[in-house]
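1. model this:
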Amino acid sequence: MEIRGSRRSLVLPVTVLLVLAALAGVLTLAARGRAERPHAVQPSGTTPTGPAPVDLAARVDEYTGGFGQSAYTAPDAGQRRALAEGVLGLLDGQAEQADRALARVGYRRTEFTEAATGRRVAELADATAESSRGWGRVYLDLSVRSAWSVQVPHPISDARTEALGVDVFRAAPGGVLVLAGAHRRAGADGSSDVAHRTDTAFAAVVEALAGRGLPGIQVHGFDEGSLPGQDAVVSPGAGQPGPAAELTATGLGRAGYAVCRAWREKCGQLGGTTNVEGRFAAGVGVPWLHVELGNGLRTEPARRAVVAGVLADTARSWGPRP
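-> Numbering: from 1, shown residues only. Purely as a prediction, here's the structure:
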């Protein structure tokens, strides 16, 4: 009886061992099959899903960083018209129509998620000869209907105004960032000084936006020595001062900066009354501001952030539109 009981006691452990061995074999084969199975290959020329967000500040810095060596070729009337049509097409939600207009002049539309805000942004950029034509870029916030623009006519030349433009664009929804594409002295006879020439891509885009009723803020820089005792100059340009001008000047003053209000004080040659975009806006009755900033307010990140916040408050007072 004792011998039979011992045999029965051995049956269960042996059975368990056999089952475990079989299970291990199955798992090994399954793992080997997964390891040997080829991964799916993304077809050539396609964009992977879920691209990483884009840091707009870094993108603009990379773009404008080469302006010291950039050239400039003025666009003709047809090219300026096509760029304006492309921007307006996108403003109207007609992406295909916009792309066709942009393609006529070698521009392309790229959309991405902006890293700092999480908003969808459209970039309109030269796809052919960006460094030699110098026509600039346009960025549109796609999260809401466009309501205002921030304009940077002298990137690099007016140090860090390009960074300020990005900061303002990020700080309030519904913006359009219009960025000149060359140093203001890149073109012969002042042809690339887009604040004083109507035959530029920059002017064509800004005028198209103003023609649709979008107010604008144009940012500039000045040497504090040219206007001692002042940190900033706020002006409606050739237009009449409105609530936005006072709101901006008051905001900068509350931030601790000395502000010259060009509509009631003498601010040297910094009032922007000859600015061509400002003259166009005044002609169509659209609010427009010319904001001159001393070096520290543009180049010191903390002070620039304060200025961007003030300008963003002004932008928010304009929209977004329903």
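2. OK, contacts around residue 126?
-> When contacts are counted by Cβ atoms under 8 Å, 6 or more residues apart in numbering, residue 126 is found next to 106, 107, 133, 135, 137, 181. Placement of C-beta: from N, CA and C, glycine included.
3. Among those residues, name the ones in helices.
-> residue 133 (DSSP state H).
4. Might you list the low-confidence residue ranges for this protein?
-> 1-50, 69, 321-322 (pLDDT under 70).
5. Which residue would you name as the spatial centre of it?
-> residue 139 (4.6 Å; Cα atoms, centre = their mean).
6. before we move on, the earlier item: got the contacts of residue 126 as JSON lines, with neighbour count and distance to residue 242 columns?
-> Putting those into JSON lines (neighbours: other Cβ atoms under 10 Å; distance: Cβ to Cβ, whole Å) gives the following:
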{"residue": "106", "neighbour count": "16", "distance to residue 242": "38"}
{"residue": "107", "neighbour count": "25", "distance to residue 242": "33"}
{"residue": "133", "neighbour count": "21", "distance to residue 242": "36"}
{"residue": "135", "neighbour count": "29", "distance to residue 242": "31"}
{"residue": "137", "neighbour count": "23", "distance to residue 242": "29"}
{"residue": "181", "neighbour count": "25", "distance to residue 242": "30"}
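7. Can you give me the neighbour number for residue 223?
-> 8 (other Cβ atoms under 10 Å).
8. ok, and the closest non-adjacent residue to it?
-> Nearest non-adjacent residue to residue 223, counting by Cβ to Cβ, 6 or more residues apart in numbering: residue 295, 6.8 Å away.
9. Likewise for residue 183?
-> residue 67 (4.6 Å).
10. Show the contacting residues for the one you found.
-> 155, 156, 182, 183, 186.
11. and what of residue 168?
-> 150, 175, 177, 217, 219, 308, 311, 312, 315.
12. which element is it on?
-> Element membership for residue 168, per DSSP states H and E: helix 161-171.
13. do the same with residue 313
-> Using DSSP H and E, residue 313 falls in helix 301-316.
14. And the spatially closest residue to residue 57 that is not a sequence neighbour, how close does it get to residue 175?
-> Of all residues not flanking residue 57 in the chain, residue 166 sits nearest, at 4.9 Å (Cβ to Cβ, 6+ apart). To residue 175, residue 166 is 10 Å away according to Cβ to Cβ, to the nearest Å.
15. Those two - which one has more neighbours?
-> residue 175 (30 against 26).
16. Surely that one touches residue 145?
-> No - if you go by Cβ atoms under 8 Å, residue 175 and residue 145 don't touch, sitting 11.1 Å apart.
17. give the contact list for residue 114.
-> 53, 54, 55, 56, 120, 121, 170.
18. Tell me what it is bridged to.
-> Assessed by DSSP bridges, residue 114 has beta-bridge partners residue 54.
19. Check which strands are paired with the host helix or strand of residue 125 and give the direction for each one.
-> In this assignment (DSSP H and E), residue 125 forms part of strand 120-126. In the sheet, strand 120-126 lines up against strand 107-113 (antiparallel), strand 137-141 (antiparallel) (DSSP bridges).
20. chain center to the first one, what's the gap?
-> The reference is to strand 107-113. 11 Å (Cα atoms, centre = their mean, to the nearest Å).
21. what comes up buried for that strand?
-> Neighbour counts using 16 or more other Cβ atoms under 10 Å place 107, 109, 112 of strand 107-113 among the buried residues.
22. Just put these in CSV and tack on distance to residue 129.
-> Putting the buried residues of strand 107-113 into CSV (distance: Cβ to Cβ, whole Å) gives the following:
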residue, distance to residue 129
107, 11
109, 17
112, 23
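23. ok, so of the residues you listed, who is nearest residue 272?
-> residue 107 (28.3 Å; Cβ to Cβ).
24. Would you mind listing the residues in contact with the closest residue to residue 194 other than its chain neighbours?
-> With Cβ to Cβ, 6+ apart as the criterion, residue 194 has its nearest non-adjacent residue at 3.8 Å, and that residue is residue 202. With contact taken as Cβ under 8 Å, 6+ apart, residue 202 is in contact with 135, 136, 151, 153, 178, 180, 181, 194, 277.
25. now do residue 112
-> Residue 112 neighbours (Cβ under 8 Å, 6+ apart): 51, 53, 54, 120, 121, 123.
26. Any of those buried? List them.
-> 54, 121, 123.
27. Neighbours of residue 73, how many?
-> By other Cβ under 10 Å, neighbour count at residue 73 equals 16.
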